[in-house]
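[1] I need the structure of the sequence given here:
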Amino acid sequence: MRPEIVFTKAAPKTGFSEGQESPMLDNVKVLEAAGTSLANVVKVGVFLRDMKDFAAPRQGVNVEIDAIAWVPR
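    Modelled structure (predicted):
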């Protein structure tokens, strides 16, 4: 039985910076494997690992990105 809701979480091993592949792409792969897509995402969260990175979110920031999506039947 396929799940009706998919939860994903992605975090780069090192700081994510402009020009690098987004950690969100890992979430997209999980969504597609579960039979859903970004079009069905109902919540996305971006979490900074250190609040000192808040002022410069594009310069080597350590982030975690999660997403919750529903799976259409």
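[2] What pairs with the host helix or strand of residue 46, parallel or antiparallel?
    Following DSSP states H and E, one finds residue 46 within strand 41-48. The strands beside strand 41-48 in its sheet (DSSP bridges) come out as strand 63-70 (antiparallel).
[3] Worst mean pLDDT across the helices and strands of the chain, which element?
    Least confident helix or strand, the chain: helix 24-33 with a mean of 80, by mean pLDDT, DSSP states H and E.
[4] list the helices and strands that helix packs on?
    strand 5-10, strand 63-70 (3 or more Cβ pairs under 8 Å, 6 or more residues apart in numbering; DSSP states H and E). All C-beta atoms are positioned from the backbone trio N, CA, C, and that covers glycine.
[5] winner for burial among those?
    Mean neighbour count (mean count of other Cβ atoms under 10 Å) peaks for strand 63-70 among those, with a mean of 18.
[6] before we move on, back to that, among the helices and strands packed on helix 24-33, which is nearest residue 38?
    strand 63-70 (7.7 Å; Cβ to Cβ).
[7] the inter-axis angle of the closest one versus helix 24-33?
    20 degrees (axes from the mean of the first three to the mean of the last three Cα atoms, to 10 degrees).
[8] Tell me where the model's unsure across the protein.
    Flagging of the chain using pLDDT under 70 yields the residue ranges 1-3, 12-24, 53, 55-61.
[9] ok now do the closest residue to residue 40 other than its chain neighbours, which residues does it touch?
    For residue 40, ignoring the flanking residues on the chain, the nearest one in space by Cβ to Cβ, 6 or more residues apart in numbering is residue 69 at 4.6 Å. Contacts for residue 69 were tallied using Cβ atoms under 8 Å, 6 or more residues apart in numbering; they are 5, 6, 8, 31, 34, 36, 37, 38, 40, 41, 42.
[10] and the gap between the fifth one and residue 4?
    It refers to residue 34. 10 Å (Cβ to Cβ, to the nearest Å).
[11] The two: which is more packed in?
    A direct count of neighbours by other Cβ atoms under 10 Å for residue 34 and residue 4 places residue 34 higher, at 17 against 10.
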